[in-house]
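S.K.: I would like to see how this sequence folds:
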Amino acid sequence: MRHVMRVCALLLALALVSGYKACGRAKLDGAAPALSGLSAPVYAKPAPSPTPPARVDFNTHVRPLLESRCTPCHFAGGKMYQRLPFDRPETIKTLGTKLFTRITDEKERSLIREFLAQQAEQSHDRP
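M.R.: Okay, the predicted model is just below:
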């Protein structure tokens, strides 16, 4: 449910921003301000409809990110692998945002947040 509310808030924000930008594109004729209302209306291009966010797959999206940042320690053969194996989605779900002590790039954090949100959603959907 929280995910649906987040998507609705994002869509509303996108609509407001595109409306604001459309208003900024319409310019009045400086030579004849009194007649500017009589000129042909300026229409903004409709904003492309936002596509629903794709599901974040652990093996395709999250694991390669972690391998690039956390190898060799948290992968097979590494000194931390026994305690925190990062090749398992359960470990990432358990750690949650504690991963962000080492992951500082906001795009990478966003990807992990989306993965964690999906995991939480799946947990709530199961009986």
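S.K.: For the rest of this, base every contact and every neighbour count on C-alpha atoms.
M.R.: Will do.
S.K.: so where's the chain shaky on pLDDT?
M.R.: Low-confidence segments of the chain (pLDDT under 70): 1-5, 8, 10-53, 125-127.
S.K.: Apply 50 and report the result again.
M.R.: 26-30, 32 (pLDDT under 50).
S.K.: Not counting residues beside it along the chain, what's closest to Arg63?
M.R.: Asp87 (6.4 Å; Cα to Cα, 6 or more residues apart in numbering).
S.K.: Pretty sure the one you found sits against Phe75.
M.R.: Yes: using Cα atoms under 8 Å, Asp87 makes contact with Phe75 at a distance of 6.4 Å.
S.K.: does the closest residue in space to Ile103 that isn't next to it in sequence sit in a helix or strand, and which one?
M.R.: What sits nearest to Ile103 in space, not counting adjacent residues and going by Cα to Cα, 6+ apart, is Arg109, at 6.6 Å. Arg109 is part of helix 106-125, with elements assigned from DSSP states H and E.
S.K.: Report all helices and strands that that helix contacts.
M.R.: Helix 106-125 sits against helix 89-95, with contacts defined as 3 or more Cα pairs under 8 Å, 6 or more residues apart in numbering; DSSP states H and E.
S.K.: Dump the helix it packs on to PDB, keeping only the CA atoms.
M.R.: The C-alpha coordinates for helix 89-95 follow below in PDB (Å, rounded to 0.1, in the frame of the first residue of the first chain):
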ATOM      1  CA  PRO A  89      19.100 -11.600  -1.200                       C
ATOM      2  CA  GLU A  90      18.200 -12.600   2.400                       C
ATOM      3  CA  THR A  91      21.400 -11.000   3.700                       C
ATOM      4  CA  ILE A  92      20.600  -7.700   2.000                       C
ATOM      5  CA  LYS A  93      17.100  -7.800   3.300                       C
ATOM      6  CA  THR A  94      18.300  -8.400   6.800                       C
ATOM      7  CA  LEU A  95      20.900  -5.600   6.600                       C
END
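S.K.: Mind giving me the packing neighbours of that helix?
M.R.: Packed against helix 89-95 by the contact rule (3+ Cα pairs under 8 Å, 6+ apart) you find helix 106-125.
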